[in-house]
Every structure is written in structure tokens, then in C-alpha cells.
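Peer 1: Whatever this is, show me its structure:
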Amino acid sequence: MTTEKRITIGLAGNANVGKSVIFNHLTGLHQHIGNWPGKTVERAEGTLKFEDYMIDVIDLPGIYSLSTYSLEELVSREYIAVEKPDVVINVVDAAVLERNLFFTLQLLELEAPVIIALNQIDLATKKGMKIDHERLSELLGVPVIPCIATRGIGLGDLVRKSIEAHEKRRPRLLRHPMFGFEIEEKIGKLTAQVEQIKTSYPHRWIAIKLLEGDPEICKLVYSQQPTIKANVEALAQEIEKIHAEPCSSVISSERYNLANQIVRESVVVVSPMNISWEERLDLLTTDRIWGYPIMAAVMISVFYGIFRFGDFTSGFLLNMFEQVKMMFFAVLGTSPASTFAWDGFMEGIVAGITIALPYIVPFYIALSILENTGYLPRVAFLMDFVMHKIGLHGKAFIPLLLGYGCCVPGCMACRIMETEKERFLASFLTTLVPCAARTVVILGLVGAYVGLRWALFLYVFDLVLIFVLGRIAYKVVPGESVGLIMEMPSYKMPSLKATARETWFRLEDFILLAFPLIIFGNLVLKVLQLINILPIFEQAFSFITVSWLELPPITMTPLIVGIFRKELTLVMLAALVGTSNFATVLTGTQMVVYATVIMLYVPCIATIAVLVRQFGYRKALAVTFFEISFAILVGGIMARALSLFPAAI
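Peer 2: Numbers count the residues shown, from 1 in each chain. This is a model prediction of the structure:
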């Protein structure tokens, strides 16, 4: 009987280099997503059975350095230095090799057991680059494996080389990236002085970080050896005096110079760098004039296609489930038990399948295509100036965009932001975006009965509120924001397999999180109806609905139910008033006010669950109570403002 052997591999690299594609290829369906302990940074883990090895694969966040400017950088370097994976596969984009080597050199400084995955070698070839991977391996002192992740080429060799490196377990002669003589001299002196420091980090790396002024390392060293601080400052000043620049900038420049030297020795341009169609498309889609109308056309096309497909599919599925419902009652009869089973359990499942999935599935497919082609980062680049007005950068536009489909994946996507403050602000603003369920109310009520111009007015009004609240929240919420640092990947054709996998993983996350809540919420609603407790709520809160919002008292029940699913606010209103012709029970002003309140208060219980998962109960409840209070406040003001101009509606 053979004992199963186990190793751990960490995938590290810049954003948009194909790291997640490699992770998905290696682990398939054997993966799960969580958070790093005590952090809001996503941790993706998976397993791979290869020969007689069980391999644990950790997909580290996409980062550009091993400093502590962001949580992602901090958790990545702590994982590599403290948890010490058996192998670190550094995924490098061959088409922009020099930029990527800046991070590789930092991994080597950390003395990590590195193997280079030279990804997208086909794109580098198209750009006229011939990379001598054996020479590159010799210069770096680590194995280099060429691969094309989207097609699975080279990934088997990558895993075999990782196992081989682990099995040999020979202490290799580390080839540290060497800086200029004057810097190496200072590093050497400090290395000798920090040898007594108790830490998991290499002493030479600590010396470099002390010269760079890394706050976490300075705190660690000075707490154990406070007398060294004066010497660190003196040595850093000597470097600054020679180069007339801050010491951290000098060391960064040395890394870039070294990366440039390595590329010059291992890369040959074998053909003239003619402008390819990818580069022409890049210039066009990032142009300050043409980029915006192209972006508008793409986004309008995407959302129009999603809503057309969603409407058709939703209607088809509803008809199908109507037939299923008839068969259900034909078999079990219309007893109280069978009625409760359908209304309490099956209706929740049916609602999720017929209302959410027809819109979310095509949305995820479109998102994956936009990501894999490389267009989404260009949207972030174009929107950077606008987003800066509310204290965020261009990447925040991506989760806001997702919010128009569903706020659950929109809030999940806020993990791409660098700092805790930016993640929270982006999530807060995403919850204010009218999702597909809110759109059902806005178009089905205001658009159908008051007019499309008033429906459009609500969307514009919502954007204004997002901008104003974003500016206020930026001033109030503690923490720091950073500028936009985003790699522009080359345009490429999306892989059908990669698109299908990414869509499924996102959809699986939504199903596991949202579906149980939808079913539970539906069950609670039916129980409340059975015990006839909803009229008590209507009476208790009539001071809000009748006195402040100037709505019929019966609207309180749908507003309460809306916390589970927003589209229920319209469905239940029709059930309670006994007609789907809302013009017979609501005035035009009341319709606008009702839709405004629904548009502004927290989207649904699934969104609250995501906020709890990412920020904890305290912040999630703070957002929930603020938005409910704010929606009621704005709704009352809207009612009084519209009453001054009755002819407008």
C-alpha cells in the first residue's frame, strides 16, 4: 500500500497574467473560495491529484510588489515567508516580461522556492519576441517553463518540475538579485546586524526592507532591537546622498535596471514590431475621444442582450413551471399541506430559477468574455477620472456595472479594490445601483403606468445620489485610498473552456449563497401570512407609509417583504390589492414614490449576507439601517416635492 504524498503550491504574480486560468486548469471543480484568516481578501484553494501526489494549490492575489501598500501584498508575503509553501509558481506574462520581472526579483529576494511559468508565450511570439527560456533560467537561477495557460500547453511540465524541485530537496545556492556596489555594501552591513532578529523572513530581505522603510518590518525589528534604527537611517541617508533620491526609489530603480538587463540577455526581437490588430484596437478603445462612445456601445449592447435574453428565458421558464405546478397539485391534491409545500418551498426555488438565473447566467458569460478579451481593464482606465470624483479609482466602476445585473456579484467583485476603505465604499455604492429586480419594479410600475421618461428620471436621480453619497462617505469613512495601478493585458480571443469554467464558478457561488436565503425568505413570508401577522405590521408602521410617504397602508407589507427579494414588492402588491392594474389603486405620484423607496433601500437579504461575509455584522447592519432610513427620508421628500407639481405626472 503506497502512502499518498502531499505538497503545497502557491501561485503568485501580477494581475491579468493568467494566474487564475492556471489555477482553474489545475484544480477543476476541486476548489473553494474563502477569506484569508482575519482579512477580507479572497483566498482561493484547490486540489490536484497528479501521479502519486495530492497537490494543494493556493491562488494568491494578483499583486505588483511585496510591500505593504495593500492587504493583498501583506497576505501574499506572509503566506510565502511564514506558511512556506513547498513551491511558489511565479506566473509571468511573456509579452511584458520586463515589467513582470520586477515582482519576480522580489520573490527571489524573499528566498522563495520559485519556478517561473512563462505564460502567454504565443502572444510574445506574435509581438516578434523570441525568449530564450533556458538563458532566462540561468540568469534568474530558477527553472523557467514556457506555457500557454488558455490552451493547457506546458501545465503538465510545470507540475512535474514543481514535484521534481520538491523531491530533490537539495539546498540550492541562492542567486540573490544583486544591486549596485554602494547598495550591496549597506545591505551586507545591515544583514549582519539583524541576524539575531527572531522572524520567519530571510535576514538579507529584512535588511533591504529596512532601507526601503517598510513599516511592518521596521516595527518588527525596532521592537526587538531599537538601537539599530539610527544605523538604518544613517545608511539610507548615505544612499540618498549618492543618488539624490529616496532610498526606496533607488532600490526600486535597481530592480528595474536588473530586469532590463536580464531581458536584454534573454530576449531577441526577431521581426520588426509592426502594429498588430490588437495594438490598433488597444489604441482605439483607450482613446480619450473614441474610447467613450465605444464603451457606451459595448455596455448598451451587453445589457440589451442580457435583458432581451432574460425576458424571453424568464417567460419561458415561468410557463414551464406553471405546467409543473399543475402536475404537482394534480398528483398531491390541493390540501393545506401540499399548498404550503409549494408556496413555502417550491416558490422560492422557482423564483430563483425564473427571476434571477435568466439574467445572471448571461451576465456572468458576458463578464467573463469582457475579462478574457482584456476589455474590462480598459473600461476601468476610461472611468478612472469619473470615479476619482467620488474618492475611488476606475476599477470601482466594474462592481458598479455588475450591480445593474445583481448586487450580490457586484459586492463580491469589490474584492478587486486595494484597500479596506475602497472595498467598503465600492460595496456601499454598489448596493445603491438599481439591480435587475429593482428594474422590474421601475419599468413594470413607473415605466408602464407613468411613462418611460419618469423611469429614466429615477435612474438619473439614482446616479446623482450615488455620486453625492460617495463624496460624503469618502470624507466620513476612515482609511486610505490609492491610485489606479492596473496592468493592461493584451487583447486576445477568449477561450470557450475558460469562459465556461469562470461562469460556472461564479454561478456556483451565487447559487450556494443566494438560493438558500431566497428559499428561507419565501418560507418565512408564507409563515407570516399563515399566522396573519402582516396586518399588524401595516398598522404599526402606518406613520411611515401613510403619514410620511403618503402611500396606502397596504404597501407596508410589500416593502417589508422586499428585504427578501425586490421583485416581490410588485408581485405581492398585485396579490394584496387583487389586481395587476396598479393605476386603479395608486396615483402616478405614489407609483414614483413607491419605486424610489424600493430603488434606494438595501437590495435583498442575499446582499446583506455578502456584506456580512466581507465586512462583518457591524458594517453590514450599518449599511442596511442607513439605506432603509435614507430611502424613507428621500421617499417622503419626493412625495412632497411632486405634490407641488401635480400636472407634471
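
Peer 1: so what's the residue nearest the centre of the chain scoring on pLDDT?
Peer 2: By CA atoms, centre = their mean, the chain has its centre lying nearest to residue 413, at 2.5 Å. Listed pLDDT for residue 413 reads 78.

Peer 1: Now do the spatially closest residue to it that is not a sequence neighbour: how many residues are near it, please.
Peer 2: Of all residues not flanking residue 413 in the chain, residue 399 sits nearest, at 4.0 Å (CB to CB, 6 or more residues apart in numbering). In this view, the C-beta of every residue, glycine as well, is placed from N, C-alpha and C. Residue 399 has 25 neighbours, counted by other CB atoms under 10 Å.

Peer 1: The helix or strand hosting residue 399 packs against which elements?
Peer 2: Per DSSP states H and E: residue 399 is located in helix 397-403. The helices and strands touching helix 397-403, judged by 3 or more CB pairs under 8 Å, 6 or more residues apart in numbering; DSSP states H and E, are helix 376-382, helix 407-412, helix 420-430.

Peer 1: Show me what the host helix or strand of residue 8 is packed against.
Peer 2: Using DSSP H and E, residue 8 maps to strand 5-13. Strand 5-13 sits against helix 19-27, strand 53-59, strand 87-93, helix 97-109, helix 155-168, with contacts defined as 3+ CB pairs under 8 Å, 6+ apart.

Peer 1: C-terminal to the second one, what's the next element?
Peer 2: Put plainly, it is strand 53-59. With DSSP H and E setting the assignment, the helix or strand that follows strand 53-59 is helix 71-78.

Peer 1: list the buried ones in that following helix?
Peer 2: 71-78 (16 or more other CB atoms under 10 Å).

Peer 1: Turn those into TSV, including pLDDT and distance to residue 325.
Peer 2: Shown next, in TSV, are the buried residues of helix 71-78 (pLDDT from 0 to 100; distance: CB to CB, whole Å):
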residue	pLDDT	distance to residue 325
71	74	48
72	78	48
73	83	53
74	82	53
75	85	49
76	87	51
77	87	56
78	88	54
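
Peer 1: who are the neighbours in contact with the residue nearest to residue 413?
Peer 2: Shown in contact with residue 399 (CB atoms under 8 Å, 6 or more residues apart in numbering): 410-411, 413-414, 416, 426-427, 430.

Peer 1: what about burial for those residues, which qualify?
Peer 2: Going by neighbour count (16+ other CB under 10 Å), these have 410-411, 413-414, 416, 426-427, 430 buried.

Peer 1: now, which of those sits nearest residue 162?
Peer 2: Among the buried ones among the contacts of residue 399, residue 416 lies closest to residue 162 (CB to CB), at 27.6 Å.

Peer 1: pLDDT value on that closest one, please?
Peer 2: Residue 416 is assigned a predicted lDDT (pLDDT) of 71.

Peer 1: And it, its phi and psi?
Peer 2: Dihedral pair for residue 416: phi -70, psi -10, per degrees, to the nearest 10.

Peer 1: Domains in the protein, by residue range?
Peer 2: The chain breaks down into these domains under automatic domain parsing: 5-168, 181-269, 291-478+498-648.

Peer 1: As JSON lines, these with distance to residue 490 would be great.
Peer 2: Converted to JSON lines, the domains of the chain look like this (distance: least, CB to CB, whole Å):
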{"stretch": "domain 5-168", "distance to residue 490": "5"}
{"stretch": "domain 181-269", "distance to residue 490": "16"}
{"stretch": "domain 291-478+498-648", "distance to residue 490": "6"}
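
Peer 1: right, so of those domains, which gets closest to residue 279?
Peer 2: Per CB to CB, nearest to residue 279 of these: domain 5-168, 8.7 Å.

Peer 1: distance between the ends of that closest one?
Peer 2: Terminal residues of domain 5-168 are spaced 14 Å apart (CA to CA, to the nearest Å).

Peer 1: ok, residue 597 - contacts?
Peer 2: 549, 559, 631-632, 634-635.

Peer 1: got a markdown table for the contacts of residue 399, with distance to residue 210 too?
Peer 2: Below are the contacts of residue 399 laid out as a markdown table (distance: CB to CB, whole Å):
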| residue | distance to residue 210 |
| --- | --- |
| 410 | 41 |
| 411 | 39 |
| 413 | 37 |
| 414 | 34 |
| 416 | 31 |
| 426 | 34 |
| 427 | 36 |
| 430 | 40 |
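
Peer 1: thinking again about what came up before, for residue 465, find the nearest of the helices and strands packed on strand 5-13.
Peer 2: Of these, nearest to residue 465 by CB to CB is helix 19-27, at 34.4 Å.

Peer 1: show me where the protein has strands.
Peer 2: In the chain, the strands defined using DSSP state E lie at 5-13, 31-35, 42-50, 53-59, 87-93, 114-119, 129-131, 144-146, 267-269.

Peer 1: Quick one: closest of those to residue 345.
Peer 2: The nearest among those, by CB to CB, is strand 31-35 at 26.7 Å.

Peer 1: Now the closest one: average pLDDT?
Peer 2: 56.

Peer 1: cool, stretch 525-541 as well?
Peer 2: On average, stretch 525-541 scores 79.

Peer 1: State the number of residues packed around residue 553.
Peer 2: 14.

Peer 1: So it is in contact with residue 546, correct?
Peer 2: Yes. Judged on CB atoms under 8 Å, residue 553 makes contact with residue 546 at a distance of 5.5 Å.

Peer 1: Give the residues shared as contacts by those two.
Peer 2: Counting by CB under 8 Å, 6+ apart, nothing touches both residue 553 and residue 546.

Peer 1: For residue 599, give me its contacts.
Peer 2: 434, 438, 441-442, 458, 462, 631.

Peer 1: Please tell me which one of these counts the most neighbours.
Peer 2: residue 441 (28 neighbours).

Peer 1: hang on, it packs against residue 571?
Peer 2: No. If you go by CB under 8 Å, residue 441 and residue 571 don't touch, sitting 9.8 Å apart.

Peer 1: re the thing from before, closest one of the buried residues of helix 71-78 to residue 149?
Peer 2: Nearest member of the buried residues of helix 71-78 to residue 149, counting by CB to CB, is residue 76, at 19.6 Å.

Peer 1: Once you drop chain neighbours, what's closest to residue 104?
Peer 2: residue 90 (5.4 Å).

Peer 1: Could you tell me how many residues sit around that neighbour?
Peer 2: Considering only other CB under 10 Å, residue 90 is surrounded by 27 other residues.

Peer 1: Out of the helices and strands packed on helix 397-403, which is the most enclosed?
Peer 2: helix 407-412 (a mean of 26; mean count of other CB atoms under 10 Å).

Peer 1: who does that one touch, helix- and strand-wise?
Peer 2: So helix 407-412, by 3+ CB pairs under 8 Å, 6+ apart, packs with helix 357-373, helix 397-403, helix 420-430, helix 496-530, helix 605-615.

Peer 1: How far off centre is the helix holding residue 399?
Peer 2: 10 Å (CA atoms, centre = their mean, to the nearest Å).

Peer 1: in it, what counts as buried?
Peer 2: For helix 397-403, by 16+ other CB under 10 Å, it's 397-403.

Peer 1: Select the longest helix from this structure.
Peer 2: Longest helix in the chain, counting residues (DSSP state H): helix 291-332.

Peer 1: quick check: mean pLDDT across stretch 434-450?
Peer 2: 84.

Peer 1: Show me what that stretch is in contact with.
Peer 2: 307, 310, 355-356, 359-360, 403-407, 410, 454-455, 458-459, 462, 565-567, 569-570, 582-583, 586, 588, 591-592, 594-595, 598-599, 603-604, 649.
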